[in-house]
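In: no FASTA, just this:
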RNA sequence: CGGGGCGUAGCGCAGCCUGGUAGCGCGUUUGCUUGGGGUGCAAAAGGUCUCGGGUUCAAAUCCCGACGCCCCGACCA
């Protein structure tokens, strides 16, 4: 390939609208261009890298026994009514009408379509297990698209779906995908590791996310340095310390706290510690109000609350509901003397809580000396707070570390949620109809590409792993006016391409400095320089982008040397 | 959806406060020069100053509104 014909336009300055390194580099190196918020064009080089990632995914999916299909992105919204997700997924879907006025959606995911498909195609246990996958564009009306390809309105996803005769069999399919994912990310040069995750709107019993550690990641991860426990903060649990024995608690006493609504204000006003406070929040759980108590220095974790209460939707109550339930303005809720009796839940760490401070359910008033067991009727003590860095691992008790990560893949055990909704059954050996058991598995392909950059770059630019680099070799012809050098470069290009090594020949009329900078910026794994001086010294210069190692190689043996170096680099990416 | 910032040449920005001929750097084109880490010199092209309305003799600049982009937050009492 010739640089001059590839439509490679690199930028000297960082784009004004990019925040994180990988986004800046993606644009500066000319791999993508923005059409509008959350919508990107892949330029020739970006597209090449993307195709490489997709190639790896295909190989590993096929190896794991999955079969590739392609489903429509445009879907009748009636399908979504059947699964009940029109309500939960609703605002996140792009919707439109066809000319007959039929409601359609641009697919944000494909559980509905695939379950409908498989339900009509598969009738017998003999056809199971069956795992299908596709690589396709997904559409999501994100609340806030950001960080380039990381959270886009339109993106490429590999989604796979497994169907099995039983839960045990489904576990095997799940494991096969889990292992395939590990191989895929390894081959892409990514350190991605699995963490326990919340299943969210997709549903199901169990799931793992594959996380790439990065400070710019949108997800929090709790991980145990000792036993390897790792979980998304939306799900992470902790070991709760035994309650400390407390001395006799004085009687409850009201105290005036005019205009003091927040924990911070209260700490300042009463000169106490946040830990001494009981924070009481009113939530709507599937529309019904409940009160949830946590220590003043803790945050309620809504996904955990939802899961533990087995609810579809959990949201903080609106002000009117709070006023109705507590009988006081927002900011003075407490466990004692609610105006309307609602279920009262408390975090586990409040078990035995005594001599605490809480809202009085009365304007501008708080209560001192609250003893939860004595003064309130707690429905249940639950694990409802977000894990923090000083918390202890639920398995081994070691202090937990909090990290940030980019979710590049997610595998789910769905159970029968969708097969039930769509009546996806098969006949077993006895001729009895049984529900199929399902799993689903996604990889954000475009996000994975950017995660590679986020994890692998330096001050000069991207450092592509060989496996996904847009081209393996940048061949720099420093002076295209030098006929001898040009001849060598052209010949090298032909020989490398003939051996299946993707090569970009920089044939531009540019200064050497420009070519060096651009090659570093785009991040080709190998840079081969053909220059007048080098040739005079006996050969071409081969430089690795990763290590910076440079060697001069005679022209005759250059191709072999390049091949050997690339093989070495590939070796490191083997699963 | 709430808060903040931004919108001027392909890209990055100045000018706006205090209204009066639209600027700089990079890139692009042409010529010369240079040829191993973003060469140097010279010339040139390129603008509905996001859009709409208002104030004014006069608006990139002041006022009102819309749109777009980016960041933070999305209710933690």
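Out: Sure, I can see it. Nothing here was measured: the structure is a model prediction, and the numbers come from that model. Numbering: from 1, shown residues only, chains lettered A, B, ... in the order given.

In: Now residue A:445: closest residue in space that isn't a chain neighbour?
Out: Using C-beta to C-beta, 6 or more residues apart in numbering and skipping the chain neighbours, the partner closest in space to residue A:445 is residue A:156 (4.2 Å). For glycine as for every other residue, the C-beta is placed from the backbone atoms N, C-alpha and C.

In: so what's that neighbour bridging to?
Out: Beta-bridge pairing for residue A:156 (DSSP bridges): residue A:137.

In: ok, it to residue A:18 distance?
Out: Note on residue A:156: its distance to residue A:18, by C-beta to C-beta, to the nearest Å, is 20 Å.

In: Looking at these two, which has the bigger crowd around it?
Out: residue A:156 (21 against 17; other C-beta atoms under 10 Å).

In: does the residue positioned nearest the centre of chain A count as helix, strand or coil?
Out: What sits nearest the mean C-alpha location of chain A, by C-alpha atoms, centre = their mean, is residue A:407, with 1.9 Å. Judged by DSSP: H, G, I helix; E, B strand; the rest coil, the three-state class of residue A:407 is strand.

In: Can you pull the residues of the stretch 451-575 of chain A lying near RNA strand B?
Out: A:460, A:478-481, A:509-514, A:516-518, A:520-521, A:529-535, A:541, A:543 (C-beta under 7 Å from any atom of the strand).

In: Apply 6 Å and report the result again.
Out: Selection of the stretch 451-575 of chain A residues close to RNA strand B by C-beta under 6 Å from any atom of the strand yields A:460, A:478-479, A:481, A:509, A:511-514, A:516-518, A:520-521, A:529, A:531-534, A:541.

In: in chain A, which helix or strand is least confident?
Out: None of the helices or strands of chain A scores lower by mean pLDDT, DSSP states H and E than helix A:85-89, at a mean of 80.

In: partner strands of the following helix or strand past that one, parallel or antiparallel?
Out: Counting by DSSP states H and E, the next helix or strand C-terminal to helix A:85-89 is strand A:94-97. Strand pairing for strand A:94-97, determined by DSSP bridges: strand A:103-106 (antiparallel).

In: can you list contacts of the strand it pairs with?
Out: A:73-78, A:80, A:93-98, A:139 (C-beta atoms under 8 Å, 6 or more residues apart in numbering).

In: Please point out which parts of that strand sit buried.
Out: Within strand A:103-106, the residues that count as buried by 16 or more other C-beta atoms under 10 Å are A:104-106.

In: After that strand, which helix or strand is next? Please name it.
Out: Strand A:103-106 is succeeded, C-terminally, by helix A:111-121 (DSSP H and E).

In: what packs against that next one?
Out: Applying 3 or more C-beta pairs under 8 Å, 6 or more residues apart in numbering; DSSP states H and E, we find helix A:111-121 packed against helix A:78-83, strand A:130-139, strand A:154-164, helix A:417-421, strand A:437-444.

In: Tell me the pLDDT of the closest residue to residue A:17 other than its chain neighbours.
Out: Spatial nearest neighbour of residue A:17, excluding adjacent residues (C-beta to C-beta, 6+ apart): residue A:34 at 7.6 Å. The model reports residue A:34 with a pLDDT of 92.

In: Residue A:34: neighbouring residues, count only.
Out: Residues near residue A:34, counting by other C-beta under 10 Å, number 17.

In: Please give the element, helix or strand, for it.
Out: Since the elements are taken from DSSP H and E, residue A:34 ends up inside strand A:32-36.

In: ok so, going back, now cross-check the contacts of strand A:103-106 against RNA strand B and list the overlap.
Out: Contacts with RNA strand B within the contacts of strand A:103-106, as defined by C-beta under 6 Å from any atom of the strand: none are present.

In: So which of those is the closest to residue A:190?
Out: residue A:139 (25.1 Å; C-beta to C-beta).

In: Quick check: bridge partners of the closest residue to that closest one other than its chain neighbours?
Out: Closest residue to residue A:139 apart from its sequence neighbours, by C-beta to C-beta, 6+ apart: residue A:106 at 3.7 Å. Going by DSSP bridges, residue A:106 is paired in beta bridges with residue A:74, residue A:94.

In: I'd like the distance from residue A:106 to RNA strand B, if you could.
Out: Look at residue A:106 and RNA strand B: by C-beta to the nearest atom of the strand, to the nearest Å, they are 17 Å apart.

In: and if you look at residue A:218?
Out: Applying C-beta to the nearest atom of the strand to residue A:218 and RNA strand B gives a distance of 9 Å.

In: Surely that residue is in contact with residue A:144?
Out: No: if you go by C-beta atoms under 8 Å, residue A:218 and residue A:144 don't touch, sitting 10.4 Å apart.

In: When these two are compared, which one has more neighbours?
Out: With neighbours defined as other C-beta under 10 Å, residue A:218 and residue A:144 compare such that residue A:218 has more, 13 against 7.

In: Show the contacting residues for that one.
Out: Going by C-beta under 8 Å, 6+ apart, residue A:218 touches A:147, A:150-151, A:404, A:406-407.

In: Also residue A:317?
Out: When contacts are counted by C-beta under 8 Å, 6+ apart, residue A:317 touches A:282-284, A:289, A:325.

In: Can you tell me the SS state at the residue in the stretch 251-400 of chain A that RNA strand B sits nearest to?
Out: Nearest residue of the stretch 251-400 of chain A to RNA strand B (C-beta to the nearest atom of the strand) works out as residue A:331 at 2.5 Å. The three-state label given to residue A:331 by three-state DSSP is coil.

In: Residue A:306 - nearest residue in space that isn't next to it in sequence?
Out: residue A:314 (4.2 Å).

In: May I have the residues that are in contact with the residue of the stretch 351-500 of chain A found nearest RNA strand B?
Out: For the stretch 351-500 of chain A, the residue closest to RNA strand B is residue A:479, as judged by C-beta to the nearest atom of the strand, at 4.1 Å. Taking C-beta under 8 Å, 6+ apart, we find residue A:479 in contact with A:485, A:512, A:531-532.

In: Quick check on these: which are buried?
Out: A:485, A:531.

In: out of the contacts of residue A:479, which one sits closest to RNA strand B?
Out: Proximity of the contacts of residue A:479 to RNA strand B (C-beta to the nearest atom of the strand) peaks at residue A:531, which lies at 2.7 Å.

In: Hmm, the closest one is touching residue A:506, no?
Out: No: at 11.5 Å, residue A:531 does not count as touching residue A:506 under the criterion of C-beta under 8 Å.

In: Report how many residues lie close to residue A:130.
Out: The number of residues near residue A:130, taken as other C-beta under 10 Å, comes to 18.

In: Is it bridged to anything, and to what?
Out: With DSSP bridges as the rule, residue A:130 is bridged to residue A:163.

In: any idea how far it lies from RNA strand B?
Out: Distance of residue A:130 to RNA strand B, given as C-beta to the nearest atom of the strand: 38 Å.

In: got a list of what that residue touches?
Out: By C-beta under 8 Å, 6+ apart, the neighbours of residue A:130 are A:67, A:118, A:122, A:162-163.

In: Give me the pLDDT for it.
Out: For residue A:130, the model assigns a pLDDT of 98.

In: how close does it get to residue A:122?
Out: Taking C-beta to C-beta as the measure, residue A:130 and residue A:122 are separated by 6 Å.

In: Next: residue A:565.
Out: Taken as C-beta to C-beta, the span from residue A:565 to residue A:122 is 49 Å.

In: Kindly report the same for residue A:83.
Out: 18 Å.

In: same deal with residue A:235?
Out: Residue A:235 is 32 Å from residue A:122, by C-beta to C-beta.
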